[in-house]
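Colleague: any chance you can model this:
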Amino acid sequence: MSSASSNLRDFLPTAPTPPITSRPYLRASPGQRAAGALLALISLAVLCTAASLHPDPRGVETHTQLGLWPCGWYMATGKPCPTCGMTTAFAAAARGSYFKSLTTQPFAFILSLATSTAFWAGLHIAIFGSRLGSIAAKLLRPRFVWITTLLLGLSWVYKMASM
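Modeller: Numbering: from 1, shown residues only. I've put the predicted structure just below:
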């Protein structure tokens, strides 16, 4: 009986298994790897700059530590601008004060998390040739842009209410 079943296996078709090296689409191109490395470097520069700053207790004007001018909008109106408190929130997040970052400027807290994610994703693409960048590029759709704009607006309303 075993000889009959072995003969039957000889007649069954088998699908050829392609070698792994014949699937080049699994690897990022050299240009994509370079873009990943650039993304990682820029993200790291932003995070290191944020870590070098001391968050202003008022929740605004931390960017003046970089030699930048105080916010003209804030000086003229006494009201925060849409990006008011972002540098302070980044600096707080870089120091591990996530709650302070979230309560200072919620949108900037989200951006700080996105920046650290971008660092690791860019590094992963550069080193391992991952195609993660092509998946992330799908986020740049109108719906995502509108949701991001809405979150920025809501964060601005929160910042005006909290000051």
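Colleague: so after the worst-scoring helix or strand of the chain on mean pLDDT, what's the next helix or strand?
Modeller: When each helix and strand of the chain is scored by mean pLDDT, DSSP states H and E, helix 2-11 comes last, with a mean of 59. Using DSSP states H and E, the helix or strand that follows helix 2-11 towards the C-terminus is helix 30-51.
Colleague: so what's the gap between that following helix and the chain middle?
Modeller: 11 Å (Cα atoms, centre = their mean, to the nearest Å).
Colleague: now do it, average pLDDT.
Modeller: In this model, helix 30-51 has a mean pLDDT of 95.
Colleague: what residues of it count as buried?
Modeller: 32, 33, 35, 36, 39, 40, 43, 44, 46, 47, 50 (16 or more other Cβ atoms under 10 Å). Quick note: C-beta positions are derived from backbone N, CA and C, even for glycine.
Colleague: now, which of these sits nearest residue 111?
Modeller: Residue 111 has its nearest neighbour among the buried residues of helix 30-51 in residue 46, at 9.3 Å by Cβ to Cβ.
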